[in-house]
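Chemist: here's my sequence, what's the structure:
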Amino acid sequence: MSTARHPRLRVQASPLQINRIVLSNRLVLSVVSSQPPTALPNAITKSIAAIMQCFSNTRVNPSRLIYCLAGLLFYAWAPLPFGGPKASPGYASFTGATAYKLLQFIVNGSIAKYWEGRGRDALDLVVMSANKVLDLHSYGAKDVLDELLLKGMKKSGYISFYGAARIPPEFVHVHEEGAVEFGVEFRPIRRDLGRFP
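Modeler: Numbering: from 1, shown residues only. Okay, the predicted model is just below:
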């Protein structure tokens, strides 16, 4: 029996970054042309810029959409660096104080996990969730986004985790021009009950 360690085979992943499709204001994953070590910092910077451009193309404060994104990502079932055991989920390691720092944490963590060879689950989840936030906003799903906003703000430490919370005035929902309203409107049926004796 040999006590020598066998070297592990490591498959080099194709460098990926998040890019924006301008015409549809959507996010996609695409292969980076440069190779490491310069590819990782460039991929992170360009990915953050792509998400910020998509969120800035709306009439609402981009920070609102970043906290909504965190509300979709920060769950125990989510892949690392966001999820993990309920006692110490990945999002608990976020210590920043601004929405932009939160976006940096999200993108840095997901791209770093991919580059470490741990799969692209976190990166795919970020792209899918950011597109979902953009879709919800374009559909005018105010109530759903408000819930995601409060969850993201609580889990990122912007507001207290326990107790009632109000949405700050700078994060109030603003409807997009030409947006189709999302939801059902109920109106009571008017009935003439006649005169009572």
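Chemist: state the distance from Asp135 to Pro62.
Modeler: Asp135 sits 16 Å away from Pro62, taking Cβ to Cβ, to the nearest Å as the criterion. Any C-beta I mention is one placed from the backbone N, CA and C, and that applies to glycine too.
Chemist: what do you get for Ser93?
Modeler: 23 Å.
Chemist: more neighbours: which of these two?
Modeler: Neighbour totals were compared for Ser93 and Pro62, and Pro62 leads with 18 against 11 (other Cβ atoms under 10 Å).
Chemist: could I get the full set of helices for this protein?
Modeler: For the chain, the helices defined by DSSP state H occupy 39-56, 62-73, 99-115, 121-139, 142-155.
Chemist: just say which of these is most tucked in.
Modeler: For these, average neighbour numbers computed from mean count of other Cβ atoms under 10 Å are highest in helix 62-73, which has a mean of 25.
Chemist: got the contact list for the residue most central in space within the chain?
Modeler: The centroid of the chain falls nearest to Leu69 when counting by Cα atoms, centre = their mean (2.5 Å). With contact taken as Cβ atoms under 8 Å, 6 or more residues apart in numbering, Leu69 is in contact with 51, 103, 106, 126, 129-130, 133, 152.
Chemist: reformat those as TSV; add pLDDT and distance to Ala141.
Modeler: TSV is the format used below for the contacts of Leu69 (pLDDT from 0 to 100; distance: Cβ to Cβ, whole Å):
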residue	pLDDT	distance to Ala141
Ile51	92	19
Leu103	94	21
Ile106	93	21
Val126	92	20
Ser129	93	14
Ala130	93	15
Val133	93	10
Gly152	90	15
